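> coordinates for the following, if possible.
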Amino acid sequence: MLLLTGLTVAAAIATGSGNAPFYAFVELAPALAGKMGVNPAFLIIPMLQASNLGRTISPVSGVIVATSGMANISPFEVVKRTSVPVLCGLVTVILGTVFLVPMYA
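Have a look, this model is predicted:
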């Protein structure tokens, strides 16, 4: 779960898109879940949230570029300010998945 989540958030940060990284990697989850004997939702839920959270800390994301342009500051300044809450949210999503989603189907 952590590897797929990390891969998805890294791709979201690099591309600035929330949906594209998720749809690129989500097809790996059912096959991996079947081989490992885990619930596919246990892998997919954090990937979905990680892709959307990663977009919010991407300096090339449309909303970051627009917001920094309106505020006349660097996109990296906006990312620095949003990175701590986003990383806390990512940890919360992972912990929530571990405790609320059954690992084995």
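> give me the element the residue positioned nearest the centre of the chain is part of.
Residue closest to the average C-alpha location in the chain (C-alpha atoms, centre = their mean): Ala50, at 1.5 Å. For Ala50, the host element (DSSP states H and E) is helix 40-55.
> dump that helix to CSV, keeping only the CA atoms.
Below are the C-alpha coordinates for helix 40-55, written out as CSV (Å, rounded to 0.1, in the frame of the first residue of the first chain):
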residue,chain,number,x,y,z
PRO,A,40,-8.2,-4.3,-3.4
ALA,A,41,-9.9,-1.4,-1.7
PHE,A,42,-7.1,-1.4,0.9
LEU,A,43,-4.7,-0.5,-1.9
ILE,A,44,-6.9,1.7,-4.0
ILE,A,45,-8.4,4.1,-1.4
PRO,A,46,-5.1,5.7,-0.3
MET,A,47,-3.9,5.8,-4.0
LEU,A,48,-7.0,7.9,-4.9
GLN,A,49,-6.6,10.3,-2.0
ALA,A,50,-2.8,10.5,-2.5
SER,A,51,-3.2,11.6,-6.2
ASN,A,52,-5.5,14.4,-5.2
LEU,A,53,-3.3,15.5,-2.3
GLY,A,54,-0.2,15.3,-4.4
ARG,A,55,-1.8,17.7,-6.9
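> same question for whichever helix in the chain runs longest, mean pLDDT?
Counting by DSSP state H, the longest helix found in the chain is helix 75-100. On average, the pLDDT along helix 75-100 is 96.
> report the buried residues of it.
Pro75, Val78, Val79, Val86, Leu90, Val93, Ile94, Thr97 (16 or more other C-beta atoms under 10 Å). In short, each C-beta sits where N, CA and C put it, glycine included.
> excluding sequence neighbours, find me the nearest residue to the fifth one.
Just to be clear, that refers to Leu90. Leu53 (5.3 Å; C-beta to C-beta, 6 or more residues apart in numbering).
> correct me, but Pro59 touches Lys80?
No. With contact defined as C-beta atoms under 8 Å, Pro59 and Lys80 do not form a contacting pair (9.8 Å).
> does Thr56 touch Pro75 like I think?
No. Thr56 lies out of contact with Pro75 (C-beta under 8 Å); the separation is 11.9 Å.
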